[in-house]
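K.L.:
The following block contains a protein sequence and its predicted model.
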Amino acid sequence: MDKILTIVIPTYNMEKYLRKCLDSLIIDNRELFSTLEVLVVIDGAKDSSSTIAHEYQDKHPNVFRVIDKENGNYGSCVNRGLLEAKGKYIKVLDADDTFDTCNFGDFISFLKTQDVDCVISDMMQVDEDDECKLLCRFNLPQSSIFSLDEMGENEWRKLWMHCVCYKTENLRKINYRQTEGISYTDQEWICLPMATSKQLSYFPHVVYKYLVGREGQTISVDVWERNLWQEIEGMKKMISYHRSVADNYSLNITYVNSRIVTRASAIYFAYFFKFKTNKNHDMVVSLDRFIKENSPICYQQTQCVTVRKYFKFPIVKIWRKNYNDKSLLIIIYKGICKTLIKFFKLFR
C-alpha cells in the first residue's frame, strides 16, 4: 500500500522517552496505520535507543524502520530521513515528544484527501506529566486551500516546525538539506520549505505535543547559552542558502525575511539581556555584519529589538554605531527594562 505520511524521528540517547514517542503513533485503525512510515534515525546513540526502536520494527515491520548511523547531529537525521522517505507527506517528530494519538488517525485521513504543498496543524506544549502548558491554535480556513500571503504575518509568527507537514516531492525538487553538525536547525525547516509552498491547508486539531522542561533540552537557557554559536552559525547558513536558491525557485521573500528577522531579534535579545560575554560579543557582531552584507532589508528591520512591544527603544541601532554595549543610553534602557519586568511580575 502507498505510504501517505513519513515521520522522521531524529534520536540520540532518548531511551527514557522513545517508547512513549513511538507508542503515540500506533493507532487502532489498521488500514490507516499501514499507510504510515516511521523512520527512527539513530544518530550514534550510546544508550538503548536503537534496541528499543528495533523492537517496534520487529513488531510492525511494515510501518517502523530503524536507521542506525554515525553521529552527525539533528540536521543529518532529517536529511537521511528525507532521502529515504516513501510517504507523500513528511513530518519530523523529536524523540522526546509525542503525537496526540486520538487526533493522529484523523490527521492521516485528512492527508489522504489533500494534494497541497503544506498542511498546518495545531500543537501543544506539555510537561512530563502530559499537562498542557501552551496551546497553539491557528486562525485559518478549515475547508479551503489558501496561500502563504493569505495566511498573513500574524499567523506566520505562530509557526513552529511542529506545526507543519510538507509534500515530500517538493522538498526534493528544491534540493532541501538541513545544516549538519549543529543544533537549532528547526528554523530551517519552517523557512525555505514554507517559503516555496504555494498551496496550504489546515487541520484544526492538535497533532504534535512538544515536551518542555526536560533537563538538557536545547531550548533551556543554560544549553542555549553554551550553544549560541550554533544558533548564529545556523542563521548565517540559512541566509546564504536562501540567497543561493532565490533565483532558481519562487520564494515568498516577505516570509523569508520575517523568519530571519524574528530569529535574529531573538539572538540580539539573548545577547543584550542574558548572555553578554566578550566571546558572544564577537559572535553577535560578526552575525550583524553578515546580515548587513547579505540581507540589507533584514538589517533595517532589526533596528529596534525590544524587551516588550511597549518598551520602544532602538537598542540595536544605537549599538551598531560602534558596537559598544556599554554606552550610557543602553545601560539606562536595560536598567529601566529590568525594573519594569520585575514590576509586572509582582502584579500578574
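P.N.:
That came in fine, so what should we check first?
K.L.:
Which parts of the stretch 51-200 of the chain are strands?
P.N.:
64-69, 89-92, 98-99, 118-126, 132-136, 164-167, 200-211 (DSSP state E, counting those that start in this stretch).
K.L.:
who wins for proximity to Ile315 among these?
P.N.:
Ile315 sits nearest to strand 132-136 of all the strands of the stretch 51-200 of the chain, at 27.2 Å, using CB to CB. Heads up, the C-betas are built off the backbone N, CA and C, glycines and all.
K.L.:
Name the residues that touch the closest one?
P.N.:
The contact list for strand 132-136 (CB atoms under 8 Å, 6 or more residues apart in numbering) reads Asp122, Met123, Met124, Gln125, Val126, Asp127, Lys158, Trp160, Cys163, Val206, Val212, Gly213.
K.L.:
Pretty sure the second one sits against His205.
P.N.:
No - in terms of CB atoms under 8 Å, Met123 does not count as a neighbour of His205; the distance is 10.2 Å.
K.L.:
For the two, indicate the residue with more neighbours.
P.N.:
When Met123 and His205 are compared for neighbours, Met123 comes out ahead with 25 against 15, by other CB atoms under 10 Å.
K.L.:
Okay, and the beta partners of the more buried one?
P.N.:
Beta-bridge partners recorded for Met123 (DSSP bridges): Cys136, Tyr208.
K.L.:
quick one: contacts for it?
P.N.:
If a contact means CB under 8 Å, 6+ apart, then Met123 has Cys136, Trp160, His162, Cys163, Val206, Val207, Tyr208, Lys209, Tyr210 as its contacts.
K.L.:
Enumerate every residue touching the residue lying closest to Asp130 once chain neighbours are set aside.
P.N.:
Setting aside the residues directly before and after it, Asp130 is nearest to Lys209 in space (CB to CB, 6 or more residues apart in numbering), at 7.4 Å. Taking CB under 8 Å, 6+ apart, we find Lys209 in contact with Ser24, Asp97, Thr98, Phe99, Asp100, Met123, Met124, Gln125, Val126, Asp130.
K.L.:
any idea how far Ile52 is from Lys209?
P.N.:
Per CB to CB, to the nearest Å, Lys209 is found 19 Å from Ile52.
K.L.:
Okay, Asn248 and Lys91: tell me how far apart.
P.N.:
Per CB to CB, Asn248 is found 25 Å from Lys91.
K.L.:
again, but for Gly234
P.N.:
Taking CB to CB as the criterion, Gly234 is separated from Lys91 by 21 Å.
K.L.:
Neighbour count: the two, which is higher?
P.N.:
A direct count of neighbours by other CB under 10 Å for Gly234 and Lys91 places Lys91 higher, at 27 against 22.
K.L.:
gap between the closest residue to that one other than its chain neighbours and Gly234?
P.N.:
Setting aside the residues directly before and after it, Lys91 is nearest to Cys165 in space (CB to CB, 6+ apart), at 4.4 Å. Using CB to CB, one gets 22 Å for the distance from Cys165 to Gly234.
K.L.:
And Asp149, by the same measure?
P.N.:
26 Å.
K.L.:
Over to Ser183?
P.N.:
For Ser183, the distance to Gly234 (CB to CB) stands at 8 Å.
K.L.:
Isn't Val126 up against Val206?
P.N.:
No - Val126 is beyond contact range of Val206, at 9.9 Å (criterion: CB under 8 Å).
K.L.:
how about Tyr89, what does it touch?
P.N.:
So Tyr89 contacts Ile4, Leu5, Thr6, Leu111, Gln114, Val119, Cys165, Tyr166, Lys167, Thr168 (CB under 8 Å, 6+ apart).
K.L.:
ok, back up a step: quick one: which of the contacts of strand 132-136 is most hemmed in?
P.N.:
Using other CB under 10 Å as the neighbour criterion, Met123 leads these with 25 neighbours.
K.L.:
check contacts around Leu228.
P.N.:
Applying CB under 8 Å, 6+ apart, the residues contacting Leu228 are Ile267, Ala270, Tyr271, Phe275, Asn280, Met283.
K.L.:
Recalculate using a threshold of 10 Å.
P.N.:
Counting by CB atoms under 10 Å, 6 or more residues apart in numbering, Leu228 makes contact with Tyr184, Ile267, Ala270, Tyr271, Lys274, Phe275, Thr277, Lys279, Asn280, Met283, Val284, Leu287.
K.L.:
again with Asn29
P.N.:
Thr35, Phe104, Gly105, Asp106, Ile108, Ser109.
K.L.:
cool, and Ser50?
P.N.:
Ser50 is in contact with Thr11, Glu15, Leu18, Val40, Ile42, Gly44, Val66, Ile67, Asp68, counting by CB under 10 Å, 6+ apart.
K.L.:
closest to Thr302 among those?
P.N.:
Thr11 (35.2 Å).
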